[in-house]
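Chemist: let's see this in three dimensions:
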Amino acid sequence: MRIAVAGATGNIGARTVSFLERDGHEVVRISRSLGVDLLSGEGLESALQGVDAVVDAISSPPISAEETREYFGTTTRNLLNAEQRAGVRHHVLLSIVGISRTSGGTDHYTGKREQERLVSEGPVPWTIVPATQFHDFAAMAASWTERDGVAAIAPLLIQPIAPDDIAQVLAEVAAGEPQGRYVDVAGPEPQDLVDMARRTHAALGKTVKLVPTWSGPLGEELAGNKLMPGENARIAPTTFDEWLAAGASERREVC
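Modeler: Got it, this is the predicted structure:
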């Protein structure tokens with residue numbers, strides 16, 4: 001198959017490209033750095049010629065909730081409209097477990113909810129793949145508030161997944177038929193975000209005093225099982241401990 005990957009130079013996109021090529025597919029890389037701009041639509045028409053399926057693994061820059069909604073709205077509309085004109089038969093969106101169960105969360109979640117809405121109401125047959133947070137999410141969340149070696153972090157319950165594992169799922173789904181909303185995809189074990197951050201910092205040799213609180217970017221509306229996988233979830237194999245043992249390092253997504 002000829003499959004395009006939006007965000008192809010990012011953390012998940014690049015991994016998805018590798019797995020698709022491993023499986024013998026012809027991959028079209030969509031990225032601003034490669035001359036295809038989803039915000040303006042420049043280069044999209046030619047990039048999607050003859051494409052059977054598209055995987056959308058883009059992320060957004062750290063901007064406000066309204067700006068994030070606008071960013072994902074514009075890029076998703078441009079991509080879906082170009083896909084419709086090109087005759088693309090399957091749009092695969094990487095999303096986040098639990099964001100449809102709450103109106104809260106980070107600014108990023110606001111944009112992803114808009115993205116899900118546009119895809120599910122759009123003109124191209126689709127599959128939305130909700131994944132839990134990646135293994136490095138805890139350290140990233142702590143970095144949002146870190147000042148002078150002290151960081152506020154929510155005592156959040158999550159079930160983190162390895163980027164390679166979710167990329168393999170995206171490659172598999174893209175090669176198949178549209179399925180609507182896919183089952184939640186998660187790592188094998190529940191984890192406490194504060195403990196994850198502490199252990200990640202230790203593995204990296206970094207000293208940060210962590211202050212558990214719901215007053216930061218991740219509020220109490222996400223407490224309990226809100227971001228945990230639902231019933232019949234697809235459980236990926238790589239554990240958080242295995243990631244720590246491998247060096248606790250993952251390349252963050254850029255697009």
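Chemist: show me where the stretch 101-250 of the chain has its strands.
Modeler: Counting by DSSP state E, counting those that start in this stretch, the stretch 101-250 of the chain forms strands over residues 126-131, 150-153, 157-158, 180-181, 185-186, 191-192, 209-212, 234-235, given from the N-terminal end onward.
Chemist: top helix in the chain by residue count?
Modeler: Scanning the chain for the helix with the most residues, using DSSP state H, yields helix 65-86.
Chemist: give me the helices and strands touching it, please.
Modeler: Packed against helix 65-86, as judged by 3 or more C-beta pairs under 8 Å, 6 or more residues apart in numbering; DSSP states H and E, are the following elements: helix 44-47, strand 53-56, strand 90-96, helix 107-120. Using the backbone N, CA and C atoms, a C-beta is placed for each residue, glycine as well.
Chemist: endpoints of stretch 120-130, how far apart?
Modeler: By C-alpha to C-alpha, to the nearest Å, the extent of stretch 120-130 from end to end equals 13 Å.
Chemist: contacts for that stretch?
Modeler: Taking contacts as C-beta atoms under 8 Å, 6 or more residues apart in numbering, the residues outside stretch 120-130 that touch it are 54, 76, 80-81, 83-84, 88-100, 116, 119, 166, 169-170, 173, 178-182, 184-185.
Chemist: drop anything exposed from those residues.
Modeler: Buried positions within the contacts of stretch 120-130, assessed by neighbour count (16 or more other C-beta atoms under 10 Å), are 54, 76, 80, 83, 88, 90-100, 116, 119, 166, 169-170, 173, 182, 184-185.
Chemist: and the helices and strands packed on helix 65-86 as CSV, adding mean pLDDT and distance to A139?
Modeler: Putting those into CSV (pLDDT from 0 to 100; distance: least, C-beta to C-beta, whole Å) gives the following:
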stretch, mean pLDDT, distance to A139
helix 44-47, 94, 34
strand 53-56, 98, 26
strand 90-96, 98, 18
helix 107-120, 94, 16
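Chemist: out of the ones you listed, which gets nearest to T68?
Modeler: With respect to T68, and counting by C-beta to C-beta, the nearest of the helices and strands packed on helix 65-86 is helix 107-120 at 3.5 Å.
Chemist: quick one: that closest one to helix 65-86, angle?
Modeler: Orientation check (axes from the mean of the first three to the mean of the last three C-alpha atoms, to 10 degrees): helix 107-120 against helix 65-86 gives 30 degrees.
Chemist: which of the residues in helix 107-120 are buried?
Modeler: With burial defined by 16+ other C-beta under 10 Å, the residues of helix 107-120 counted as buried are D107, H108, Y109, T110, G111, K112, R113, E114, Q115, E116, L118, V119.
Chemist: cool, and stretch 124-137?
Modeler: Going by neighbour count (16+ other C-beta under 10 Å), the buried part of stretch 124-137 is 124, 126-137.
Chemist: mind checking the pLDDT average for that stretch?
Modeler: Rounded to a whole number, the mean pLDDT of stretch 124-137 is 96.
Chemist: now it, how far from the centre of its chain.
Modeler: The gap between where stretch 124-137 is centred and where its chain is centred comes out at 5 Å by C-alpha atoms, centre = their mean, to the nearest Å.
Chemist: so where is the stretch 151-255 of the chain shaky, pLDDT-wise?
Modeler: The stretch 151-255 of the chain contains residues with pLDDT under 70 at 249-255.
Chemist: repeat that for 50
Modeler: Counting by pLDDT under 50, the low-confidence segments of the stretch 151-255 of the chain come to 251-255.
Chemist: got the phi and psi for E26?
Modeler: Torsion angles at E26 (phi, psi; degrees, to the nearest 10) stand at phi -90, psi 120.
Chemist: ok, it touching V17?
Modeler: No. Taking C-beta atoms under 8 Å as the contact criterion, E26 and V17 are not neighbours in contact, 11.0 Å apart.
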